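Chemist: Let me see the structure of the following:
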Amino acid sequence: LLRMGLSSQNEWLALQKDYIEHGHRGQGGSGPSSDADAAAAATVAASPWHPRSFYLRVGRVTAGPIGTLAGTLEAIRREVPGADDELADPPVVEELSAVELAGRVPQIGLVPGVEEAIFMPRDGFIMCASAALDALAWAARRAGAVIKEDEQVVGVDLTSRTVTTASGATYRYGRKLLVAAGPWTNQVLESGGLAPLPLVVSNEQTIDFGERDGWNSSTSPDGTGSNPGYSTADGMPLLSWSNAGYKGKAASGQTRYFYCVPTVAVVSEPGAEGRKTVVEHQSSTAGFKIGYHRMGPLMDNDEFRVSPAGRAGVGARHQRPGFSSAQSFEADPLALQATQEFVTHTLPGLDPSKINLLCRCLYQNTPDIQMMLGRHPSACDTKVADDVVVMCGFSGRYGLAGCRCGLLVETWRLLYCIFSFNPFAFASFV
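Modeler: Okay, the predicted model is just below:
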């Protein structure tokens, strides 16, 4: 399940759905099945959330220049269950020309004869973050966890097994310390005397655009009615566009990759057996969200620290060379211009000047753009560090969060490793 192929995401979502709705592992599950499944079933049975509170299925379109999607399509047909079934109705995956896509999703305007798309009407999910975080906190507290919010960690003492926060409070931890500090991973590690990892933080940007005036009242390309909008209620799917295939990399090293999330319409669905409804945990978004993937400037300062290995492994490969000493919360002109050009070129119903929301966010970049999972590299040198496990480098891999945590918890609980973390081990970087 930790493989980063398309199938792993679908398998995890199916497994998660099975847990939520039935309280047990599906046919494809692996690992211990008695105590773990019984605990999962008990947690699900007590959960106040409706199954659809956590994600919405919206479909997905992957687009790009003609000839760049062959590898992506081959991987989908090889890895996604049912994708190679030509008789499936509806098909799991379809290869569409620009004209064919416009007939199915008129909100997307590719250039005929120049661009093409892969359409997966049953794939593509939007995670409802507020519901997921509420449920995570609920499940953690139910399992006995104590949550300390808004407490910045300023020091880790591996000898006394304590963590100190900015308020001066000190908390003792048990056998293991899991560092899942995201962009602040190196800062936390160095506070405990541990070497930083080859993790470099970039200052990214996303923009929520509004629809063009008169778009909904305009006649759709097929002449059957008005144009649909850009929300989930209008059937707008997830969209990604790349000049090198889905999350691919161009031979030149300069890859243009945009990911897009439709406006999320508030959905009201009654909860079953007293569970909360979807609408209680889902709010509408500001507009059609677009991110220019991994094009933010790299940062190097006391908060986001860069190791020599990170400078060599990430800094030399990042598409935007150089480092910045300050984090910006203002618009990034380079990313803004590129995103507005993409809107003008590809999304005819959006107004590139109608910016409803602009956000700056932090990405964790590793040398091979994969996550890093496992014991700190110093574990070989000291027994104390052997008790420190680090999870980082997950930017762009949010969908497998629950899976990753679940595997680590089961590994610790059973005191032996039931899954291989080798593809994401630190040894390949240090």
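
Chemist: By residue count, tell me the biggest strand in the chain.
Modeler: Among the segments of the chain that qualify as a strand by DSSP state E, the longest is strand 350-365.

Chemist: Okay, now the sheet partners of whichever helix or strand comes after it, with direction.
Modeler: Downstream of strand 350-365, the first helix or strand assigned by DSSP states H and E is strand 372-375. Strand pairing for strand 372-375, using DSSP bridges, gives strand 388-392 (antiparallel).

Chemist: quick one: the strand it pairs with to chain centroid distance?
Modeler: In terms of CA atoms, centre = their mean, to the nearest Å, the centre of strand 388-392 is found 18 Å from the chain centre.

Chemist: pLDDT averaged over it - what is it?
Modeler: For strand 388-392, mean pLDDT rounds to 85.

Chemist: would you list every one of the helices in the chain?
Modeler: Applying DSSP state H to the chain gives helices spanning 6-22, 35-46, 70-79, 98-104, 129-142, 185-191, 308-310, 333-346, 401-414.

Chemist: What average pLDDT does the third one get?
Modeler: Spelled out, it's helix 70-79. Rounded mean pLDDT across helix 70-79 is 89.

Chemist: Mind giving me the packing neighbours of that helix?
Modeler: Counting contacts by 3 or more CB pairs under 8 Å, 6 or more residues apart in numbering; DSSP states H and E, helix 70-79 is packed against helix 6-22, strand 115-120. Yep, even glycine has a C-beta here, placed from its N, CA and C like the rest.

Chemist: Pick out the shakiest of these, pLDDT-wise.
Modeler: Across the helices and strands packed on helix 70-79, the lowest-scoring stretch is helix 6-22, with a mean of 44.

Chemist: rewinding a little: got the CA positions of the longest strand of the chain in CSV?
Modeler: C-alpha atoms of strand 350-365 as CSV (Å, rounded to 0.1, in the frame of the first residue of the first chain):
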residue,chain,number,x,y,z
LEU,A,350,-12.7,31.0,-15.5
ASP,A,351,-11.7,34.6,-15.3
PRO,A,352,-7.9,34.8,-14.8
SER,A,353,-8.3,38.2,-13.1
LYS,A,354,-10.9,37.0,-10.7
ILE,A,355,-8.8,35.8,-7.8
ASN,A,356,-11.0,34.8,-4.9
LEU,A,357,-8.2,33.4,-2.7
LEU,A,358,-4.5,33.2,-2.9
CYS,A,359,-2.6,31.0,-0.5
ARG,A,360,1.1,30.4,0.1
CYS,A,361,1.9,26.9,1.4
LEU,A,362,5.0,24.9,2.3
TYR,A,363,6.3,21.9,0.4
GLN,A,364,8.8,19.3,1.7
ASN,A,365,11.2,18.4,-1.2
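
Chemist: I'd say R175 and D387 touch.
Modeler: Yes - applying CB atoms under 8 Å as the test, R175 and D387 come out as touching, 6.2 Å apart.

Chemist: Between those two, which has more neighbouring residues?
Modeler: D387 (18 against 8; other CB atoms under 10 Å).

Chemist: Which residues are in contact with the residue lying closest to T263 once chain neighbours are set aside?
Modeler: Counting by CB to CB, 6 or more residues apart in numbering, T263 lies nearest to S231, which is 3.9 Å off, once chain neighbours are set aside. Residues near S231 by CB atoms under 8 Å, 6 or more residues apart in numbering: P262, T263, V264, A265.

Chemist: And E341, by the same measure?
Modeler: Counting by CB under 8 Å, 6+ apart, E341 touches P352.

Chemist: Quick check: it vs L347, distance?
Modeler: Distance from E341 to L347, counting by CB to CB, to the nearest Å: 11 Å.
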